[in-house]
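Peer 1: Provide a 3D model corresponding to the input given below.
(2 chains)
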There are 2 protein chains.
Amino acid sequence: MAESQDVLLLKIKEQGDIVRKLKAAKESTEKQKRTQKFVYDLEEVDAYLSQFSYLSGYSPTKLDLDILNNLGQDLDFQKYKYIKRWWYHMRSFNESDINLFPLASSQNSFANLHKGSDRSLDEQIQEEVSKLLALKAQLGSEDAAPQKFVLKTPKGTRDYNPQQMTIRNNVLQKIIAVFKKHGAECIDTPVFELKEVLTGKYGEDSKLIYDLKDQGGEILALRYDLTVPLARYLAMSKINTLKRYHIAKVYRRDNPAMTRGRYREFYQCDFDIAGQYDPMVPDVECLKVVTEILDALDIGKYVLKVNHRRLLDGMFEACGVPVDKFRSTCSTVDKLDKSPWEDVRTEMINEKGISPDAADRIGEYVRLNGGAELANKLLKDEKLSKTKAAVEGLEGMKLLLNYCDILGISDKILFDLSLARGLDYYTGVIYEAVLTQPIKVGNEELTVGSIAGGGRYDNLVGMFDAKNKQVPCVGVSIGVERIFSVLESKLAAGDISVRTNEIDVYVASAQKNFLEERMKICAELWNAGIKTEQSYKKNPKMLNQLQHCEENGIPLAVILGESELKRGLVKIRNITTREEQEVPRANLVEELKTRINTLNVKEMNGSLLVNHLADEFKRKYKKDLRSNPCAMRRLQTAAERAKRTLSSSTEEKK
Amino acid sequence: MAESQDVLLLKIKEQGDIVRKLKAAKESTEKQKRTQKFVYDLEEVDAYLSQFSYLSGYSPTKLDLDILNNLGQDLDFQKYKYIKRWWYHMRSFNESDINLFPLASSQNSFANLHKGSDRSLDEQIQEEVSKLLALKAQLGSEDAAPQKFVLKTPKGTRDYNPQQMTIRNNVLQKIIAVFKKHGAECIDTPVFELKEVLTGKYGEDSKLIYDLKDQGGEILALRYDLTVPLARYLAMSKINTLKRYHIAKVYRRDNPAMTRGRYREFYQCDFDIAGQYDPMVPDVECLKVVTEILDALDIGKYVLKVNHRRLLDGMFEACGVPVDKFRSTCSTVDKLDKSPWEDVRTEMINEKGISPDAADRIGEYVRLNGGAELANKLLKDEKLSKTKAAVEGLEGMKLLLNYCDILGISDKILFDLSLARGLDYYTGVIYEAVLTQPIKVGNEELTVGSIAGGGRYDNLVGMFDAKNKQVPCVGVSIGVERIFSVLESKLAAGDISVRTNEIDVYVASAQKNFLEERMKICAELWNAGIKTEQSYKKNPKMLNQLQHCEENGIPLAVILGESELKRGLVKIRNITTREEQEVPRANLVEELKTRINTLNVKEMNGSLLVNHLADEFKRKYKKDLRSNPCAMRRLQTAAERAKRTLSSSTEEKK
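Peer 2: Got it, this is the predicted structure:
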């Protein structure tokens, strides 16, 4: 106990020094003139770099190079320990890596150091002060210190306000309906896993995993996706077949560009079919599920690109790429969706060590796309037809594309040899859905890239089984965050609107001392299942109450008045039309339910009502009109007339 | 980089030593005879204690005392570092603390050390081996090491399989319906917060917070409840009024007894009303919400106990308790729901330093419960009527109980002076719902304690505002995990059953080579919105397909046969009745939809159908039968006749 107290006090002292240093740096920055570009204050730089405890997680940019070149010679490494550590880290990169450093974004705090801006310092000071407060709090103070400095969600995360929740729930409900239509069951897993469950599954991305602190028990980390937990669940429960969907948040310590939908905490929406089945049957169902979801969400025209890992492997083999470079070449090919062939070719040759000849041969293949006829053509290709992996992949594609035809989705599918997909664990078919046109939002256009992706991964579950027993899996993940973002933008631009509550009736009073009467009515309506609310003030103003109804889209109000109540009556007001009608207090529930039903029927679209009428007709006369187009047309007319009648009857009532 | 590698290698070496030591201890335990009770192997004990890195989190039991007394003198502290650390920790407790050590549960690993059982060692070995693997994995191996040892969810967490998910979703849907009926909007917040947001809000429970590892950025921790995030959200968004519900998982590093519903990751279901309103109006709505939820869930008879923090404070003051001991006395009174008054009195006197006289006076109050008449009686109480806080509390209770009367829930409410509630931040009314009878599950009875709780907390939001601007709040949290547990037990005992998928139609074939035809039909049915599935095998056996339908509760099957298809027909089979009927292939969608609707109507309970018929009658004849009891009885009879007709008509068809 004493030991940890000392350590704590030491950390507090060190943290306090960091804070003081930053505050001093801030003062000195404010003195610097803006024209003094590219002059770096070593104290500042050292303080900035002190944030990075694990430099293997530090991703340098071209700005780091700039600073490296401008820091001058004879750096005092004794004094500037963090610069020293960073300097050695920078020295560990070779030429080719250095060429690949991206430009620093304008948000980059390092960038702000040399522009004389002290915004980054303010942020750093804020961050270091919070660390200091956190340490001090651990000293065991029971009383809560008021939060004076930091009121924000952690970096890369956000709250969902009621409007965002409504958008989110609407999207997820549509997706879940499709999953359920295909018979998927739902499961859930914990938000964290034992660290070793996640270790070694994500390749280079492993450094983006959120670890939990070692607090004396198991070593844990937050889940990075929903696929590895699925594999762990299948192996643990010794399940051989499962068709499941799982919708939950996952966690990645990205450096989020904070561009649309890039967060550290975000939803994944997965559908997977696990089990040993006949080839391509569950695979094509995944494609059908994707098309149904994207059609239901109706966000725009899309194409579903498909390819096959074995074909890619075969292609690389046929083009003369060494086996140990398959994955690395694959990840370069994956960049073709964002970069032109020239750049990808350059990276292949300069960074991945592929011969120009091989690169060119790859180039001839990856520009190809089409349908089943392409698969047939490639099966006759001189090189590919001699490569076992390529033939496997192509036969698989043929079968898949045939099934796509039978399911009627061929017009949405594109067999595209440039599709590679990032994750290493795919073993068969891979696919990705992209929108083909920008989305109109207000007066602007949003370009959204990929919105769904997946593939077959037969070897993952076996990693968790002591006897390496395999359970083949195929699945898809829907990129819902991007869809949320698009809809939130539309909301902001006024293209769509949402209601954040579902209240049908608001109980109001104009005069004083009606709280208890309003409460009685609320209780009666709640007990009858009517969605009701009232003001929490004893004597609210009439205008405020009506305004509340309008702002929240509440369609009906019950208005209490002394004289009406004496006559045993209350008023029902239609908020939209502003019509009011007196009804007996005793019949209030029934009167409200009728009006609510009417409002719902008016919202029913034409075909629902037609079907409803057809069902009623059949139930009564045992005859189904749906087989008779003439009768259906007459029904349609009747439906529209009914709707108009209902609308006018609501208006006529005074 | 090199530095962290060295540290890592060192940790691996140390961890390897721990593993080797444990394995050796295991060997030596297996040699010990069972009769050798109370002989402790110092190596074993040292190895066991090495698990606890932070002894401030270590909760000693009476067993620790036993071991302490039996370890003997002249302990070699140089050799047994962990025993030394524990020994000093044990010495830090005073007499009164020591008297409060609980008995060790039979699960306690320490307990097993002296019984010669090596089960705890196996667990420890497993745990230490996983830590070793985790460390080794960090060395940077890209290839995934097969998980040979650890296939489990973290301690205190669990997966939800499809049946558990169905139970869970049914419960949550009912709760959400009640929240929405009262006009609550939904929000969501991130799973972790900045550590300092959580620090200092939970009193002693702060040590149960899950911290995230410091990975060079912000210091984070997993949320402990949904109330503090709400307060942070309100302050951050500068919102003054909000009625919101939030359903999400929270995280507490409890030492879970793993008794029903005690987990480290568990759901909270919160409803809160924030805003400056007139007294007790939103507070009574929270009580109404609780009663509606518990009635809807129908798990058993319950009572909703209410009390008031100010009354408790006033009571303590009137009984002569010093102000600085109010909270501490309060937490002792809180134990009255589990312990008898004698024990609580003893704790008050011996541990909390309350005089016997004051304790007795408190005892006279806390045994009281009742309704509004009790509040009136206490307002005339000699001591309480002179204490400002007590009068405040009692006036508040009077008003609240009056409103409960108006809302018609008085029969569920009990004004109970022994109710204290754990959390420090309550400032006004507090309440807790408990089931009054055990629940029958199979042949057993389950005792479930508290299933909902909450209160008013006016000072929490102000802690997050720079200017301490207050937003008064009142809310309730529903203890859904206990409800899930009860229902899962009922499921296991066969009292209830659930369907885990919603499929209505299964497409089957008896003969070979019908996969493509089945796929065509599936596509047609999916496109028509019918929930459909088929086998993923090309040539499945008929018996397996029908068995699948029965096991999963799928009501209908479409059976393809070569001869039928030649005649343009397919068979529809009712899985329950086993009746089959041939229908034209061209009319398949319509035929299936009719049958599905029929099945749904049959499931409609009597009153729904009656209402449906009454609505139809009214729409046609503009007359509402609901005001006419005679007519309603006739309608009821008609509804039941209709149901019987529908059932028999389905059976008649051949």
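Peer 1: all strands of the stretch 251-400 of chain A, in order?
Peer 2: Taking DSSP state E, counting those that start in this stretch to define them, one finds strands in the stretch 251-400 of chain A at A:265-274, A:302-308, A:369-370.
Peer 1: and the ones you listed as TSV, adding distance to residue B:530?
Peer 2: Where you see a C-beta, it was placed from the backbone N, CA and C, and this is true even at glycine. Shown next, in TSV, are these (distance: least, CB to CB, whole Å):
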stretch	distance to residue B:530
strand A:265-274	18
strand A:302-308	23
strand A:369-370	33
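Peer 1: Mean pLDDT per helix and strand in chain A: which one sits at the bottom?
Peer 2: helix A:109-114 (a mean of 56; mean pLDDT, DSSP states H and E).
Peer 1: Specify the next element, helix or strand, located C-terminal of it.
Peer 2: helix A:119-138 (DSSP states H and E).
Peer 1: Check which helices and strands that following helix sits against.
Peer 2: helix A:2-31, helix A:42-49, helix A:109-114, helix B:195-198 (3 or more CB pairs under 8 Å, 6 or more residues apart in numbering or on different chains; DSSP states H and E).
Peer 1: report the angle between the axes of that helix and helix A:2-31?
Peer 2: 160 degrees (axes from the mean of the first three to the mean of the last three CA atoms, to 10 degrees).
Peer 1: just the helices and strands packed on helix A:119-138: most buried one?
Peer 2: Most buried of these by mean neighbour count (mean count of other CB atoms under 10 Å in any protein chain shown) is helix B:195-198; its value is a mean of 25.
Peer 1: where does residue A:340 land on pLDDT?
Peer 2: According to the prediction, residue A:340 has pLDDT 91.
Peer 1: I should have written residue A:56 there, sorry.
Peer 2: Per the predicted model, pLDDT is 38 at residue A:56.
Peer 1: can you check residue A:651 too?
Peer 2: 44.
Peer 1: cool, residue A:85 as well?
Peer 2: At residue A:85, pLDDT is 68.
Peer 1: try residue A:569
Peer 2: 97.
Peer 1: Please list all residues in contact with it.
Peer 2: A:582-585 (CB atoms under 8 Å, 6 or more residues apart in numbering or on different chains).
Peer 1: From those residues, keep the buried residues only.
Peer 2: A:583, A:585 (16 or more other CB atoms under 10 Å in any protein chain shown).
Peer 1: Show me which of the contacts of residue A:569 is closest to chain B.
Peer 2: residue A:584 (9.9 Å; CB to the nearest CB).
Peer 1: That closest one bridge partners, please.
Peer 2: Beta-bridge partners recorded for residue A:584 (DSSP bridges): residue A:569.
Peer 1: if I look at it, how far off is residue A:519?
Peer 2: 20 Å (CB to CB, to the nearest Å).
Peer 1: Once you drop chain neighbours, what's closest to residue A:525?
Peer 2: Nearest residue to residue A:525, sequence neighbours excluded (CB to CB, 6 or more residues apart in numbering or on different chains): residue A:532, at 4.2 Å.
Peer 1: possible to save the strands of the stretch 251-400 of chain A as JSON lines with mean neighbour count and mean pLDDT?
Peer 2: Formatted as JSON lines, the strands of the stretch 251-400 of chain A follow (neighbours: other CB atoms under 10 Å in any protein chain shown; pLDDT from 0 to 100):
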{"stretch": "strand A:265-274", "mean neighbour count": "22", "mean pLDDT": "96"}
{"stretch": "strand A:302-308", "mean neighbour count": "23", "mean pLDDT": "97"}
{"stretch": "strand A:369-370", "mean neighbour count": "16", "mean pLDDT": "96"}
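Peer 1: For chain B, find the nearest of the ones you listed.
Peer 2: Short answer: strand A:265-274, nearest of the strands of the stretch 251-400 of chain A by CB to the nearest CB, at 5.3 Å.
Peer 1: Sketch out the low-pLDDT regions of the stretch 101-250 of chain A for me.
Peer 2: A:101-120, A:137-150, A:203-204 (pLDDT under 70).
Peer 1: so where do the strands sit in it?
Peer 2: So, for the stretch 101-250 of chain A - with DSSP E, counting those that start in this stretch - the strands run A:185-186, A:192-194, A:220-222, A:242-251.
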